[in-house]
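K.L.:
Turn this into a model:
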Amino acid sequence: MTHDRLVCANCAGPVSEGRCPVCRASRERLQQEGPFGGLSPAALIGMLVVLIAAVALLAHQTA
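P.N.:
Residues are numbered from 1 along each chain as shown. Next up is the predicted model:
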């Protein structure tokens with residue numbers, strides 16, 4: 001989930017606006033996590049399985 005859709009429990013404002021210290025801290029943490037920070041562990045494992053399958057298929061086709 002991106003931070004532009006999150007609502008702060010402290011001030012009830014959008015986290016992306018950074019109205020209070022809690023919003024600003026959450027926004028900063030979300031920005032530091034990078035592109036894969038919001039993905040669940042199950043989604044990351046699924047992407048890894050797809051990547052391994054693609055590499056195995058590619059290796060099978062070239063051999």
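
K.L.:
how far out from the middle of the chain is the strand or helix carrying A42?
P.N.:
For A42, the element it lies in under DSSP states H and E is helix 41-62. Counting by Cα atoms, centre = their mean, to the nearest Å, helix 41-62 is centred 20 Å from the centre of its parent chain.

K.L.:
So A12, which state does it fall into?
P.N.:
Following DSSP: H, G, I helix; E, B strand; the rest coil, A12 is assigned to coil.

K.L.:
how deep is it tucked in, by neighbour count?
P.N.:
9 (other Cβ atoms under 10 Å). C-beta coordinates here come from the backbone N, C-alpha and C atoms, glycine included.

K.L.:
For E33, see how far away it is.
P.N.:
Remark: distance between A12 and E33 (Cβ to Cβ, to the nearest Å) = 23 Å.

K.L.:
and if you look at A42?
P.N.:
A42 is 17 Å from E33, by Cβ to Cβ.

K.L.:
Comparing those two, which residue is more hemmed in?
P.N.:
E33 (11 against 8).

K.L.:
show me the contacts for the more buried one.
P.N.:
Contacts for E33 (Cβ atoms under 8 Å, 6 or more residues apart in numbering) come out as none.

K.L.:
pLDDT wise, what is it at?
P.N.:
E33 carries a pLDDT score of 70 in this model.

K.L.:
same check, this time on A43
P.N.:
Predicted confidence (pLDDT) for A43: 88.

K.L.:
How about residues contacting the helix holding A42?
P.N.:
Contact with helix 41-62 is made by 36, 39, as judged by Cβ under 8 Å, 6+ apart.

K.L.:
Show me the shaky parts of the chain.
P.N.:
The chain contains residues with pLDDT under 70 at 1-4, 34-35, 37-38.

K.L.:
you'd agree C23 is up against A12?
P.N.:
No: in this structure C23 lies outside contact range of A12 using Cβ atoms under 8 Å: 10.1 Å.

K.L.:
buried stuff in whatever helix or strand R27 lives in?
P.N.:
Using DSSP H and E, R27 sits within helix 21-32. Applying a neighbour-count criterion of 16 or more other Cβ atoms under 10 Å, one finds 23, 26-27, 30 buried in helix 21-32.
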